[in-house]
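Asker: pasted the sequence and its predicted model underneath.
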Amino acid sequence: MSIKVEGVSKVYGTQRALNNVSFEVNSGEIVGFLGPNGAGKSTMMKILTCFIPQTEGLAEVCGFNVEDNPMEVKKSIGYLPESNPLYYDMYVKEYLHFIAGLHQIEEPKKKVDEIISLVGLDIEQHKQIGELSKGYKQRVGLAQALIHNPEVLILDEPTTGLDPNQIVDIRNLIKEIGKTKTVLMSTHIMQEVEAICDRVIIINHGKIVADDKTSNLKNILKDQHIVVVEFKENVEVSLLKNIVGVKSVHLHEDNSFHLVPDNGKDIRESVFKFAVEHKLSIISLKEEEKRLEEVFKSLTAN
């Protein structure tokens, strides 16, 4: 087991940032750690990386207690914080040699060359870090987190501020790294979680409100059979509200509507009968795919 958290709480004065949090992450998992701003995500990550102590409870990484064996924990972890602090006046290769020296890595030249190739920094390795785009700065951050070959990788908002192409590149890189590492990743981007993570932990107001496989979490909304229908002809919203079983109707775009059923029933058959009765042509009729974003909103609503 790579990460073990039992009954961890963190109190700042009168504010309880974490409240009796427990979870485990097994070797080889890529786990999304989600929550609204102020939910306690970064606090939990700082505890696991030995930056701050917990007030109560037990936290272990690779079998090492974060309070009793912080140096062993740090050797086992690669950490990319949201701020990604780098030395902008250093060159990429120079910086990575510096990090390799801190970890006392044997054959540092060989290791630096390997990690540069792994994260795709070959063409940028001789540039100053301050001259790099944000996407390449993130790659440098990942390189420093990986250079000592840790068992666990902890990433705090790894794609914040990147353009769409850079996001795809970093996602693919994390997925590749996740084949051999345990990854705990905090993010606000639900599409990122669905694309990368095997499992999701959702925290709200310092408490775990969900912990399951990404696919299973979507089933929380299994009773909501929202239907999307597009007609060839113009149809009034008021007319669609007469369909048996329809609770509400929302215009999606021209001649396309979201139909919300009453009591979560599947209303596609009723929509088809309605179209036949009113001599309407249906271009498309489908049940809306349930998204993780909707689950997140449902679980973290006040």
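Answerer: Good, I have the coordinates. Residues are numbered from 1 along each chain as shown.

Asker: now do the helices in the stretch 1-150 of the chain.
Answerer: Assigned by DSSP state H, counting those that start in this stretch, the helices in the stretch 1-150 of the chain fall at 41-48, 70-76, 92-102, 108-118, 134-146.

Asker: poorly predicted segments of the stretch 1-150 of the chain, please.
Answerer: Across the stretch 1-150 of the chain, no stretch falls below the confidence threshold (pLDDT under 70).

Asker: convert stretch 16-32 to CSV, retaining C-alpha atoms only.
Answerer: Included here for stretch 16-32 are C-alpha records, laid out as CSV according to Å, rounded to 0.1, in the frame of the first residue of the first chain:
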residue,chain,number,x,y,z
ARG,A,16,-11.0,22.7,11.2
ALA,A,17,-9.5,22.2,7.7
LEU,A,18,-9.6,18.4,7.8
ASN,A,19,-12.1,16.4,9.9
ASN,A,20,-11.4,12.7,10.6
VAL,A,21,-10.2,11.9,7.0
SER,A,22,-9.4,8.3,6.1
PHE,A,23,-8.5,6.7,2.8
GLU,A,24,-5.9,4.4,1.2
VAL,A,25,-4.2,4.4,-2.2
ASN,A,26,-2.8,1.2,-3.5
SER,A,27,0.3,0.8,-5.6
GLY,A,28,-0.2,1.6,-9.3
GLU,A,29,-3.4,3.6,-8.9
ILE,A,30,-4.0,7.0,-10.4
VAL,A,31,-6.4,8.7,-7.9
GLY,A,32,-8.1,12.1,-8.4
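
Asker: begin at 36, not 1, for the rest of this chat.
Answerer: Got it, the first residue is 36 from now on, which makes the last one we talked about stretch 51-67.

Asker: flag every buried residue along it.
Answerer: Using 16 or more other C-beta atoms under 10 Å as the test for burial, stretch 51-67 gives 51-54, 56, 58, 60, 64-67. C-beta: built from backbone N, CA, C; applies to glycine.
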